[in-house]
Every structure is written in structure tokens, then in C-alpha cells.
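1. take this sequence and fold it.
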Amino acid sequence: MKYLFFTTALFLPLLLLTGCKTSTASSSPAGTDNPEWAKEFSQLGVDGTFVLYDPSSGKWQFHNRERAARAFLPASTFKIFNSLVGLQTKAVANDSVLFKWDGKVRGWEKWDMDQTMKTAFQYSCVWYYQELARRIGTEKMQHWLDKVGYGNAQIGNKVDEFWLDGTLTISAIAQVAFLTKLEAMKLPFSKSVQANVHRLMLAEEGQDWKLYGKTGWGDHGNRQIGWYVGFLRSGTAKRIFALNMDIYEDEDAEYRKVLSRKILKAEGLMPGAE
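-> All right, here's what the predicted structure looks like:
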């Protein structure tokens, strides 16, 4: 689908209100490419994209705009959406409900234990969110994917795998569109559910700023893809962001947050942050 863009400020409301999916390069909003961000990626030898949106001005900034419009599996960034649906549908009564560990050793002690939504989100525990998806069920999950217009909204035949196996895909631009509505609590979930997920996403805070985010990491075809997505409230300013990158070695995963923080700090949005 191609979109007509009259102004940058018009793009996002149109996208979000209609539930359109930004999965192709033709869906890229008007904006500016930031050459300083390109230097940051180059210095670390990272292939990826970064998108930053200012909801007050409607301004979009990019590194690698073409990649920002390409869709990849969301991996663990889908825990944001999964949490919203789980709480909204009462698949769990609240984020403190305990799921018992099944005893299967998965190689990390933080996963090999009983989990609540709070701990599972913090530790990005896959098995908890797979169980949550099964409790939600295919019909309800599909309803909310369609209602929100999340990515390509595809589940396939595995309700506990679709965000991990490449069936569901989403672009960095679409991540930002989704998170812009979440930050403003304008998604079609209850205000209390959205506020609850805000609390789950709070990653760090400093002098008059709070950073909310979620990482992701998964196999997309013959390569591994890393994500860091979220939003930042700094004084009266708000920014929505999404980083997507290739991961070649396990050590590369740290660059998801490193690059995102470097860019947000350079924008003057994290005063006092190390």
C-alpha cells in the first residue's frame, strides 16, 4: 500500500487511526537523515537503523531510512503487545500472578524459576510469554492484532511461536507508530492496562527524565536481528524511538542499548546520564 504524505505531522495520525501496516519502503514518512547517527553506527561496525519521532512537532529523524521501513520479526519487543493483551483479556488478573516453572532447564537461571509478568518482562523470559499467549488464545490474539494494526498482524498456526519464527513482522517505523499511541495511552486498551505496561517498560531514570524500553533478539531468515524500542520522557519533551540491527556475534547485542542511549544523550534528552 502506498500513502500520500501532505505533511510529516499528518502521517502518524493517519497511520495510527487506520491501523495501516508500515512494512515496505513506500510507507516511509517524510523526515531527515541524521549524518551524526551514521557515524555512531559506523564506528561500532553496526548495520542497522534508528528512528526517532517527536510527537509534539511531528518531526521524524532516521539513520538508514530504507531499512527503517523494512519489516522483521519483533522477537521479544512483542512482550509489550503480549502484556497489553494478556492484561486486557484477563488471561492474567495482574502482573503479579505467578506462572509455575515447568522444570525444563533453559540455560539461564533467571528463566529457570517461577515467573510473574514483572519478572518475565524484566528478564525477557520467553516461556512465560508463550504460556501467556496460549492462555489468551488464537482468536483473541488475532482480534487485538487486527484492532491495533500491529505489523503484518499474522499469527499462522502457532499462537506461542508467531512473533519468534518470522510469521509476525514489523518495521522500525511501525514500532514507533505503535509506541507513540502507547506512550499517549491512546491504544484501544484500557488506560489502566496501558499504564501498567508503562511501569513494566521503565528501564532507567535520571534528572527529570525516564526511559521506557524493551529489547529483542531473534533469528530472521539467515541472520540474527536485534531491537531496542521505547519512548523517553525528558522534562516536557517526549521522543519515541526504535533501533533495529544485525547481530553477528553475541557480544554485538550490547550495542542495541549502547547506540540508542548515545543518540538520545546526544539529543540532550538524558541530562546527567553516564
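2. Gly31 reaches His63, doesn't it?
-> No: counting by C-beta atoms under 8 Å, His63 is not a contact partner of Gly31; they are 11.0 Å apart. Yep, even glycine has a C-beta here, placed from its N, CA and C like the rest.
3. quick one, which of these two is more surrounded?
-> Set Gly31 next to His63 and count neighbours by other C-beta atoms under 10 Å: His63 wins out with 26 against 19.
4. right, and the more buried one touches Thr32 too?
-> No: the criterion here is C-beta under 8 Å, and His63 misses it with Thr32 at 10.6 Å.
5. what ranges do the helices span in the stretch 151-274 of the chain?
-> 172-183, 191-201, 255-266 (DSSP state H, counting those that start in this stretch).
6. need the ones you listed in CSV (columns: mean neighbour count and mean pLDDT).
-> Below are the helices of the stretch 151-274 of the chain laid out as CSV (neighbours: other C-beta atoms under 10 Å; pLDDT from 0 to 100):
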stretch, mean neighbour count, mean pLDDT
helix 172-183, 26, 98
helix 191-201, 17, 98
helix 255-266, 19, 97
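7. tabulate these (TSV), appending distance to Phe41.
-> Listed next are the helices of the stretch 151-274 of the chain as TSV, based on distance: least, C-beta to C-beta, whole Å:
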stretch	distance to Phe41
helix 172-183	13
helix 191-201	24
helix 255-266	7
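8. contacts only, for the closest residue to Tyr248 other than its chain neighbours.
-> Excluding the flanking residues, the one nearest Tyr248 by C-beta to C-beta, 6 or more residues apart in numbering is Gln224, at 7.5 Å. Contact analysis of Gln224 by C-beta atoms under 8 Å, 6 or more residues apart in numbering lists Trp217, Gly218, Asp246, Ile247, Tyr248.
9. need the distance between the two termini of stretch 242-261.
-> Terminal residues of stretch 242-261 lie 11 Å apart, using C-alpha to C-alpha, to the nearest Å.
10. for His143, find the nearest of the helices of the stretch 151-274 of the chain.
-> Taking C-beta to C-beta, helix 191-201 is the member of those nearest to His143, at 15.0 Å.
11. and the contacts of the closest one?
-> Here helix 191-201 makes contact (C-beta under 8 Å, 6+ apart) with 80, 83-84, 87-88, 94-95, 117-118, 121, 182-183, 185, 187, 212-214, 230.
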